[in-house]
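Asker: need coordinates for the below:
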Amino acid sequence: MMNKEEEREIVRRIISGEKEALAFFIHSYKKLVFHVAGKLIDDRDDLEDACQDIFIKIHGSLCSFDHGCKLSTWIAKISYNHACNFLKKRKKTLNFSSLPQNFSEDYDGCIVTCSDVKNGKNSTNKNLGENQLLDLCLEKLEPVQREITYLYHVEDFTYEEISSSLSMPLGTVKSHLFRARKNLKNMLSKYKERENEAS
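Answerer: Alright, predicted model coming up:
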């Protein structure tokens, strides 16, 4: 993530029309946009269309960006609101059952695409690494717990920033994160118990 001065500079360069700055900006924030929107949109093609629209909307709104706010918080809020509106327009039901689990690290121009899911959620590999095991457990959390856990622990959002991004009361954010940690701890403990019994 960028610091305040870097945010100001990249916004200034994008507004002035620098294509390289725009490409760098999209590369820096595409994972955040895909993750937030992907918690609401389960269809891959729809997700990619929505993310393209989100970056267009962000680009068009940069002139009005309040530098007193954190850029990533502002982007997350736009992504969340647009994903909700995207689904309303298509009259689709929110579905959290088949979300993309990883995102393409390759970037060519300003086209943003999500990668195929390579590993099924029901893996039976006994030798899963800690990161893989944690990913599997995260996928079993309730969507809102998964969203908040990601923003807090991966994107380093504060409680206040998550509250603003998701339009959720501060106390509710803290409650969801507490339950998410408790659920993850229980799932990891149960998995390790089964692993020990099988060995």
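Asker: alpha carbons only for contacts and neighbour counts from here, please
Answerer: OK.
Asker: my guess is Ile41 meets Ala83, correct?
Answerer: Yes. With contact defined as CA atoms under 8 Å, Ile41 reaches Ala83; the gap is 6.9 Å.
Asker: phi, psi for Gly68 please.
Answerer: When read as degrees, to the nearest 10, the backbone of Gly68 gives phi -80, psi -20.
Asker: how about Gly17?
Answerer: Residue torsions, per degrees, to the nearest 10, at Gly17 are phi 100, psi 10.
Asker: same thing with Ile41?
Answerer: phi -110, psi 120.
Asker: tell me which helix or strand of this structure sits lowest on mean pLDDT?
Answerer: Here the helix or strand of the chain ranked lowest by mean pLDDT, DSSP states H and E is helix 130-139, holding a mean of 73.
Asker: max-length helix in the chain?
Answerer: Criterion DSSP state H: the longest helix present in the chain is helix 170-198.
Asker: quick one: mean pLDDT for that one?
Answerer: Averaging pLDDT along helix 170-198 gives 85.
Asker: list the buried residues of it.
Answerer: Residues Val173, Lys174, His176, Leu177, Ala180, Asn183, Leu184, Met187 are the ones in helix 170-198 that count as buried (16 or more other CA atoms under 10 Å).
Asker: before we move on, the earlier item: and the least confident helix or strand of the chain, which residues are buried?
Answerer: Leu133, Leu136, Cys137, Leu138, Glu139.
Asker: how about stretch 139-150?
Answerer: Glu139, Leu141, Pro143, Gln145, Arg146, Glu147, Ile148, Thr149, Tyr150.
Asker: can you flag which of these belong to helices?
Answerer: Glu139, Pro143, Gln145, Arg146, Glu147, Ile148, Thr149, Tyr150.
Asker: just how off-centre is stretch 13-25 within its chain?
Answerer: The chain centroid and the centroid of stretch 13-25 are separated by 22 Å under CA atoms, centre = their mean, to the nearest Å.
Asker: neighbouring contacts of stretch 140-148?
Answerer: With CA atoms under 8 Å, 6 or more residues apart in numbering as the test, stretch 140-148 has contacts from 36, 39, 96, 138-139, 162, 173, 176-177, 179-180, 183-184.
Asker: return that stretch as PDB; C-alpha atoms alone will do.
Answerer: Output in PDB follows, covering the C-alpha atoms of stretch 140-148 (Å, rounded to 0.1, in the frame of the first residue of the first chain):
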ATOM      1  CA  LYS A 140     -15.700 -21.700   5.300                       C
ATOM      2  CA  LEU A 141     -16.400 -18.500   7.200                       C
ATOM      3  CA  GLU A 142     -19.500 -16.500   6.700                       C
ATOM      4  CA  PRO A 143     -19.000 -14.100   3.800                       C
ATOM      5  CA  VAL A 144     -19.100 -11.000   6.000                       C
ATOM      6  CA  GLN A 145     -16.500 -12.500   8.400                       C
ATOM      7  CA  ARG A 146     -14.300 -13.400   5.500                       C
ATOM      8  CA  GLU A 147     -14.600  -9.900   4.100                       C
ATOM      9  CA  ILE A 148     -13.700  -8.200   7.400                       C
END
